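[1] Sharing a sequence plus its predicted fold:
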Amino acid sequence: MSTPFYVSPQQAMADRAEYARKGIARGRSVVVLQYTDGILFVAENPSRALHKVSEIYDRIAFAAVGKYNEFENLRIGGVRYADLRGYTYDRDDVTARGLANVYAQTLGTIFSSVGEKPYEVELIVAEVGAAPEDDQIYRLPHDGSIVDEHGAVAVGGNSDQIGSYLDQRHRDDMTLAQALKLAVDSLSRDNNGGERRLTAEQLEVAVLDRTRPQQRKFRRVLGGALTRLLESGAAETPVADDAGTDEDSTEQE
């Protein structure tokens, strides 16, 4: 009788982590930045149907990289959790921290389970507050850990290089146009230090806008509004409140 092949638990977990990291790195990056009036989400995503950035609840949005079917299942689960909690208790009881904890438990359970492969996803859950100091941004890697972020964060692709670029240039008092320019500049840099041009058709852009009078603070920046922001560079360019379309929190369910 042959001796079963033995792999130590430490090596098995390291192999699973490496597998997930390689899958995430193959995806295009997503950048999330705080600016004066809220939180900006910018993803390199030429698809108009498969979103990397979505609304979860009134003040909460979700961004992800990796395998679409895996993070879409997590997004839908988050929407159901938020809707149920808001209906059962109060809308103010739905928080990014609570949602991040739910996602952390799910990802951690899957990562440590020997019966299934780890999810090849990395998530960002963000909540806009009444003031910039009340904003919350949480990054959740494949293993279910939670990282409390501030200012700017990048996930997927060459996120380390993009994150370093953002850290050196991001300011909390940036306007939307300035934050968008910084995000696009960071995404346009490749691993070799070169630059490429990203157009509006290649980008998915959304904001959590604290100045919006509606209870729902999420909106997408599309079409002419996005083009004007890209062309304006560092100059301030106002964006009409009806720019883009709003999504229902139950979209694609």
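    Structure's in. What do you need?
[2] can we go C-alpha only for contacts and neighbour counts from here?
    Will do.
[3] ends of stretch 149-160, how far apart?
    End-to-end distance for stretch 149-160: 14 Å, by CA to CA, to the nearest Å.
[4] Check what contacts that stretch and list those residues.
    With contacts defined as CA atoms under 8 Å, 6 or more residues apart in numbering, stretch 149-160 is touched by 24-34, 64-66, 122-123, 136-139, 162-163, 166-167, 170-172, 190-191.
[5] Narrow those to those in helices?
    If you go by DSSP state H, the contacts of stretch 149-160 have 24-25, 162-163, 166-167 in helices.
[6] ok, which pair from these is furthest apart?
    For the ones in helices among the contacts of stretch 149-160, the farthest-apart pair by CA to CA is 24 and 167; their separation is 21.4 Å.
[7] And the two? Which one has more around it.
    With neighbours defined as other CA atoms under 10 Å, residue 24 and residue 167 compare such that residue 24 has more, 25 against 12.
[8] is it true that the more buried one touches residue 64?
    No. Contact between residue 24 and residue 64 fails when scored by CA atoms under 8 Å: they sit 9.7 Å apart.
[9] shared neighbours of the two, which are they?
    With CA under 8 Å, 6+ apart, residue 24 and residue 64 have common neighbours 121-122.
[10] ok, back up a step: nearest to residue 231, of the ones in helices among the contacts of stretch 149-160?
    Using CA to CA, residue 166 comes nearest to residue 231 of the ones in helices among the contacts of stretch 149-160, at 20.1 Å.
[11] measure the closest one to residue 31 for me?
    Note on residue 166: its distance to residue 31, by CA to CA, is 9 Å.
[12] swap in residue 223?
    Going from residue 223 to residue 31 by CA to CA gives 20 Å.
[13] neighbour-wise, which of these two wins?
    Ranked by neighbour count (other CA under 10 Å), residue 223 and residue 31 place residue 31 first, with 28 against 12.
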